[in-house]
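Any chance you can model this:
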Amino acid sequence: MIRAKLNEEVEQRFRELAMRRFGYGKGSLAKAAEEAILMWISSMERENITFKGDPVNAIDGLLSDVKVDSVELQHRIKDLWLMKVAEDISS
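Next comes the predicted model:
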């Protein structure tokens, strides 16, 4: 499952076009999103973008200064996420 927050104008245009193409029933947005993602994947594959190096080492390098274990890091991220959600709800 993918969740994404879109700009309101982009979301509104997407919803309108998805419903015009796939109807006003359940699943229209999912069908349109899947079609859009497949088109994006296809365009990226044509560009032949490749990551050079080991992605695990790249992530490890990004986290080398973090001095907490993975469980503590997950708890901190959850707390940050909850604060962000509370901000979004209150605004």
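
Number of residues surrounding residue 18?
Applying other C-beta atoms under 10 Å, we find 20 residues neighbouring residue 18. Every C-beta, even on glycine, is put in place using the N, C-alpha and C of the backbone.

ok, it to residue 3 distance?
16 Å (C-beta to C-beta, to the nearest Å).

tell me which element residue 86 falls in.
With elements taken from DSSP states H and E, the one containing residue 86 is helix 70-90.

residues of that helix that come out buried?
Neighbour counts over helix 70-90 (16 or more other C-beta atoms under 10 Å) mark no residue as buried.

residues in contact with the residue of the chain most remote from its centre?
Note on the chain: the largest C-alpha distance from the chain mean falls to residue 67, namely 26.9 Å (C-alpha atoms, centre = their mean). Residues in contact with residue 67 (C-beta atoms under 8 Å, 6 or more residues apart in numbering): none are found.

Does it belong to a helix, a strand or coil?
Here residue 67 is recorded as coil under DSSP: H, G, I helix; E, B strand; the rest coil.

Can we start the residue count at 32 from this point?
Fine by me, first position is 32 from now on; the one you just mentioned is residue 98.

What does the pLDDT read for it?
For residue 98, the pLDDT comes out at 82.

Can you tell me how far it is from residue 91?
From residue 98 across to residue 91, the span is 14 Å (C-beta to C-beta).

Contacts for the helix holding residue 117 next, please.
The contact list for helix 101-121 (C-beta under 8 Å, 6+ apart) reads 97, 99.

Show me how far the worst-scoring helix or strand of the chain on mean pLDDT is from its chain's centre.
Ranked by mean pLDDT, DSSP states H and E, the weakest helix or strand in the chain is helix 86-93, scoring a mean of 74. The chain centre lies 20 Å from the centre of helix 86-93; the measure is C-alpha atoms, centre = their mean, to the nearest Å.
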